[in-house]
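Asks: next comes the sequence, and after it the predicted model I'd like to discuss.
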Amino acid sequence: MRPSHRILSLLRLIFLLSFLVVETRGGMLPRSVLADGLQQTDASVAVQTQRQSQTSNLPSIEWADKLRELVDKVATVSPPPARIELMTSNISSLSADEFVAIDERLKLNLTNRRFRIVAAEPVDADLNVIFSEGVEGYVIVAKIRRDVAEQVFLLTLSKGAPSARRNGGVVLDENLNWEPSGKILDFALPPPSAGKDPTMIVLEAGRIMFYIRKNSQWQLGQSITIPPLRPWLRAPRGHIDLSHGIGAGIARIPGIDCKGDFGNPDTIQCGFVDPGTQSWNGEDASAPKISDLGGDSVKLSLECDGRRVVLATGKGDWTETDVVQAYEVSSVNGQGALASGKPVAFDGPVTSLWWAGTGGVANAVVQNLKTGNFEAYIVTATCSH
Amino acid sequence: MSRRLAATSLLLALVLAAAGRGRPSRRPKYGGKLRVEIGAVVSSPDPAVAAANSHEAFAKDEIAALLYDHRNPDGTFAGVPGSGPFRISEWEPGKRAVLAANENYRGGRPFVDSVEIQMGRTARDRLLDLELGKADVAEILPEEARRASERGMRVSTSEPDELLAVVFVSGRPPAEDARVREALARSIDRAAIVNFILQKGGEPAGDLLPQWSSGTAFLFSTSRDAPAAKDLWAQIGGSPKIVLGYDASDSLEQSVAERIVVNAREAGIVISAEANANAASSPAKDGARLMRLWMISPHPREALTDFVTALDPIEGIDPAPLLPEGASAQQIYEREREILSSYRVVPLVWLPQVYGLGARVRNWKAPTAGEGWPFTDVWLEENSQ
């Protein structure tokens, strides 16, 4: 055999082998995928899944469930495989990033269910999905038109909690600890004892409540009644002071001190006191103070580059959304307090802000204006540098 | 305490003390008289005494909400008069009421000592008194909200929660002909009502729940379709005539009724508008009337159920089947569509509650549907007059 013939035979062999490899891979694909030529290959779905996991950030897991449910409903009107012209729009408060993530997930779910998203005729159905919002949460509105008939499907989702924001300077991180059913004045999370369930102490206008965390839920264990004041104040303040240890705790509302071992609630005794003699922890959180922010303020046991960190709320009244901003207070005369890092925003006024008794941690009570509920947050400040 | 920490604390105290001066307070203060002016004339605070018009009904309801312990889900009041945040201390029928703070209100004593309500004040006088500091809170007509704001007045605008609608009176020809109802509904230019009559102080309404509540209002058209109205009217034989009734004491209703007549006549519809001295009942000649409906709750199911119940005696829509507790967005939407497709009630515009506020009013939160006037939480800045 001449060399040129040998090369030709080799090329033929390579071509045949490569054809066999492609055929073998095709044979491994699910029959349904090959059936109509509409479906993407597993490989392309895998690529999409990877891309999706890299880029998408659904607002909550509930979205994943609802988008699956939506595709199920689409399938009842236009059974797959089908060619769908998809249009999505956002008229809710979802951010642009969240909308992109939801849009991507919806497209992925549709293609995984053997729908082919097309941009031109012929189409089996038009799917117009609008992300809207009502007082009870987000509303996914899906208008599906097949032939001349249009069906409207509605799915509702709750709204999630605000997310933490970070940047340079003092970094603040807020975590929603608990959503009580009623109005609370203050709360405290005593350091957990070895081998015991975590506990939480909550102060209301008329009682002190002791919760134990079991199975990821706060369960009420014991409650101590505080003798009523006359007249009842509409916005009393209150504080649980464990600065001298849990064994010498004080729960304080104007005119009343309840003292005792807060690890053993039966020892707590409440008594009337002269409101003028009550200490409010150096007045940290009692009056508008910090610079032009004007809100309540609290000193933390945290220094960043030798400067004491103070947290302060906004200056609005209790009808407005609020923030907690960190300040660095210089010990050098004249330098004053400088805002540091980005504030964390809340959906309502911060009605109570106290140092939690450890490092850069503060407890904040917020009245969420959207839900009307009170929320107990743990705000943690850390130095970013 | 280290020397540096002592210096820091001293500096902090100085900064905080200096910053606390001369700024509005954040924490509520007790005391003072809140001076309120309204346009309605309320003859009796007794809920059992019928109101002469929709404005009296609304104001009476708001006053009752301040006197009774709480409002039941069906809109009635629980408790006895005086069990709420205020009790009546003076009542001059149709002219003036003074409500005193209830020291023993279970929700906490209101911040102000009393509320004085001047009734029957004209829109012009109310604005003038606000500007002169003679009133703390005054109702502003939605159509005057923008102008008041441009004049630098402090204006509070709620989410739109009042629906102005055309309601066809059951059993009266020609209202019993569905084509008549649909022709009139399609002829109305809602955008013109909002832009010119309301000066953009409202929103076009296509359904029985606003977008902020249900999230689905955008699914209902608010646009005019004059050619379709003309075609429908042409199909009707016998030249029926519609008489559209409105409340004689309500200038907005009069303007809207006159606008509807202009729109309808452009579509060839035979219609006239007539003032009714008593808005609580429709004269026999009225085939349709304008009606104001206030949402008793921000929640779609409760609000829709109340609307259907209120409309039942007039336009004959069967309130059954009632929406079940926990009805889904889909169920609520289907019920709305069913009602609106009968054209027995034709939504026109959504109106907000607008109030002008004096400088010393603090903690004012624009009332949301069903909440009532927020006088219980309002407090007065001492030196802002």
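Replies: In hand now; what should we look at? Numbers count the residues shown, from 1 in each chain, chains lettered A, B, ... in the order given.
Asks: show me the helices in chain A, by range?
Replies: Residue ranges of the helices in chain A, as given by DSSP state H, are A:3-28, A:31-36, A:42-55, A:61-77, A:96-112.
Asks: which of those helices has the lowest average pLDDT?
Replies: Looking at those, the lowest mean pLDDT belongs to helix A:31-36 (a mean of 30).
Asks: state the pLDDT value of residue 359.
Replies: This is for chain A. 80.
Asks: the chain in question should be chain B.
Replies: pLDDT, B:A359: 93.
Asks: pLDDT weak spots in chain A?
Replies: Scanning chain A for pLDDT under 70 picks out the ranges A:1-57, A:160-168, A:229-232, A:235, A:279-295, A:330-336, A:385.
Asks: can you pull the domain assignment for it?
Replies: According to automatic domain parsing, chain A comprises the domains A:35-157, A:170-383.
Asks: let me know which of those domains is tucked in deepest.
Replies: With neighbours defined as mean count of other Cβ atoms under 10 Å in any protein chain shown, these peak in mean count at domain A:170-383, which reaches a mean of 18. Bear in mind the C-beta positions are built from the backbone N, C-alpha and C, glycine included.
Asks: looking at this, B:R124 is in a helix?
Replies: Yes. Assessed with DSSP: H, G, I helix; E, B strand; the rest coil, B:R124 lies in a helix.
Asks: redo the domains of chain A as JSON lines? Include distance to chain B.
Replies: JSON lines is the format used below for the domains of chain A (distance: least, Cβ to the nearest Cβ, whole Å):
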{"stretch": "domain A:35-157", "distance to chain B": "3"}
{"stretch": "domain A:170-383", "distance to chain B": "3"}
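Asks: closest to B:A97 out of those domains?
Replies: domain A:170-383 (21.4 Å; Cβ to Cβ).
Asks: neighbours around the closest residue to chain A within the stretch 51-200 of chain B, how many?
Replies: Closest residue of the stretch 51-200 of chain B to chain A, Cβ to the nearest Cβ: B:G108 (3.3 Å). Neighbours of B:G108 under the rule other Cβ atoms under 10 Å in any protein chain shown: 19.
Asks: ok, for it, nearest residue in space, not its chain neighbours?
Replies: A:R234 (3.3 Å; Cβ to Cβ, 6 or more residues apart in numbering or on different chains).
Asks: which residues in the stretch 201-350 of chain B form helices?
Replies: B:211-214, B:226-235, B:251-266, B:300-315, B:329-340 (DSSP state H, counting those that start in this stretch).
Asks: quick one: contacts of the last one?
Replies: Translated: helix B:329-340. For helix B:329-340, the surrounding residues in contact (Cβ atoms under 8 Å, 6 or more residues apart in numbering or on different chains) are A:134, A:136, A:139, A:152-156, B:206-209, B:214-216, B:219-220, B:300-301, B:304, B:308, B:317, B:323-324, B:345, B:347.
Asks: now it: buried residues?
Replies: B:A329, B:Q331, B:I332, B:Y333, B:R335, B:E336, B:I339, B:L340 (16 or more other Cβ atoms under 10 Å in any protein chain shown).
Asks: can you check the first one too?
Replies: For helix B:211-214, burial by neighbour count (16+ other Cβ under 10 Å) applies to B:Q211, B:W212, B:S213, B:S214.
Asks: ok, so of these, who is nearest B:I197?
Replies: Nearest to B:I197 out of the buried residues of helix B:211-214 is B:Q211 (Cβ to Cβ; 20.6 Å).
Asks: count the residues that sit near the closest residue to that closest one other than its chain neighbours.
Replies: Distances taken as Cβ to Cβ, 6+ apart place B:A217 nearest to B:Q211, at 3.8 Å, with adjacent residues excluded. Look at B:A217: counted by other Cβ under 10 Å, it has 23 neighbours.
Asks: B:A217 and B:D136, how far apart?
Replies: 34 Å (Cβ to Cβ, to the nearest Å).
Asks: next one: B:Y343
Replies: For B:Y343, the distance to B:D136 - Cβ to Cβ - is 44 Å.
Asks: again with B:L252
Replies: As judged by Cβ to Cβ, B:L252 and B:D136 stand 25 Å apart.
Asks: and for B:L244?
Replies: Going from B:L244 to B:D136 by Cβ to Cβ gives 38 Å.
Asks: looking at those two, which one has more neighbours?
Replies: B:D136 (28 against 23).
Asks: thought the more buried one was touching B:V112?
Replies: No. Applying Cβ atoms under 8 Å as the test, B:D136 and B:V112 come out as separate, 9.2 Å apart.
Asks: now for those two: what residues contact both?
Replies: B:L34, B:L380.
Asks: what sits against A:I212?
Replies: So A:I212 contacts A:D197, A:P198, A:T199, A:W218, A:Q219, A:G221 (Cβ under 8 Å, 6+ apart).
Asks: quick check, nearest of those to A:P80?
Replies: Of the contacts of A:I212, the one sitting nearest to A:P80 (Cβ to Cβ) turns out to be A:W218, at 45.2 Å.
Asks: partner residues bridging that closest one?
Replies: A:R213 (DSSP bridges).
Asks: hang on, the earlier thing: now do the contacts for the residue nearest to B:G108.
Replies: Contacts of A:R234 by Cβ under 8 Å, 6+ apart are B:P28, B:G107, B:G108, B:R109, B:P110, B:F111, B:T376, B:D377.
Asks: can you tell me which two in the residues you listed are farthest apart?
Replies: Top of the distance list for the contacts of A:R234 (Cβ to Cβ): B:P28 and B:G107, 13.8 Å.
Asks: could I have the CA atoms of stretch B:152-169 written out in PDB?
Replies: Below are the C-alpha coordinates for stretch B:152-169, written out as PDB (Å, rounded to 0.1, in the frame of the first residue of the first chain):
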ATOM      1  CA  GLY B 152     -45.400  73.400  51.100                       C
ATOM      2  CA  MET B 153     -48.100  71.900  53.300                       C
ATOM      3  CA  ARG B 154     -47.300  68.700  55.100                       C
ATOM      4  CA  VAL B 155     -49.600  66.200  53.400                       C
ATOM      5  CA  SER B 156     -50.300  62.600  54.300                       C
ATOM      6  CA  THR B 157     -51.700  60.400  51.600                       C
ATOM      7  CA  SER B 158     -52.800  56.800  52.300                       C
ATOM      8  CA  GLU B 159     -52.900  54.000  49.900                       C
ATOM      9  CA  PRO B 160     -56.100  54.400  47.800                       C
ATOM     10  CA  ASP B 161     -58.800  52.500  49.800                       C
ATOM     11  CA  GLU B 162     -62.000  54.200  48.800                       C
ATOM     12  CA  LEU B 163     -63.700  53.100  45.600                       C
ATOM     13  CA  LEU B 164     -66.000  55.300  43.600                       C
ATOM     14  CA  ALA B 165     -68.200  53.200  41.400                       C
ATOM     15  CA  VAL B 166     -71.400  53.200  39.300                       C
ATOM     16  CA  VAL B 167     -73.800  50.800  40.700                       C
ATOM     17  CA  PHE B 168     -76.900  49.700  38.700                       C
ATOM     18  CA  VAL B 169     -80.000  49.500  40.900                       C
END
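Asks: please consider this matter closed, and thank you.
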